[in-house]
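> Predicted model, plus sequence, below.
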Amino acid sequence: MTILLAIDTSASMTRVALSIEDRIRQYRTDEPRQAAQQLLPLIDTAFAEAAISTKELDGIAVVTGPGSFTGLRIGIGVAQGLSLANSTLLIGVSSLELLAKTANALTEDDGYLVCIPAREDEIYLGAYEQQ
């Protein structure tokens with residue numbers, strides 16, 4: 001049985017997903033910018049509902065940005081801590097690449113230009129091509 005934890009603190013809402021075999025359960029905060037207060041309780045809730053412990057994880061995926069600087073530090077720090085404490089595989093994932101993969105799942109296009117707002121009227125931009 002494969003068990004994966006996904007952590008996304010790149011945007012204003014903190015999100016966590018737990019995948020056990022082909023079943024995925026998602027959790028998120030109700031309030032924006034609450035990663036520091038809510039990330040560990042979200043992970044606790046996910047593990048409690050699945051009746052598993054961190055030692056049973058086969059891998060952890062964490063969004064590495066671009067996105068909220070503070071949020072990313074919190075998410076990556078928690079992911080690294082869980083990974084080191086349990087010798088669990090840790091994988092970093094780009095938030096722009098996730099958006100491109102989502103678009104690819106919904107359309108039949110091969111090329112994607114993805115952008116998300118940054119601060120001070122700037123944007124994060126990525127160009128992806130499905131091969």
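Arrived safely.

> For the helix or strand encompassing residue 25, which outside residues touch it?
Under DSSP states H and E, the secondary-structure element containing residue 25 is strand 23-28. When contacts are taken as CB atoms under 8 Å, 6 or more residues apart in numbering, the neighbours of strand 23-28 outside the stretch itself are 13-18, 42, 45-46, 49-50. C-beta coordinates here come from the backbone N, C-alpha and C atoms, glycine included.

> buried set for it?
Applying a neighbour-count criterion of 16 or more other CB atoms under 10 Å, one finds residue 27 buried in strand 23-28.

> what helices or strands is the strand or helix carrying residue 63 leaning on?
Secondary structure here is read from DSSP H and E; on that basis residue 63 sits in strand 59-65. Strand 59-65 makes packing contacts with strand 3-8, helix 69-86, strand 89-94, helix 95-106 when contacts are defined by 3 or more CB pairs under 8 Å, 6 or more residues apart in numbering; DSSP states H and E.

> mean confidence score for the second one?
The one in question is helix 69-86. Per-residue pLDDT values across helix 69-86 average out to 97.

> outside of it, which residues touch it?
Contacts of helix 69-86 from elsewhere in the structure, counted by CB under 8 Å, 6+ apart, are 5, 7-12, 14, 33, 35-36, 39-40, 43, 54-55, 57, 60, 62-65, 88-90, 92.

> can you pull the contacts of residue 124?
The contact partners of residue 124, taken as CB under 8 Å, 6+ apart, are 66-67, 95-96, 115-118.

> Great, nothing more from me.
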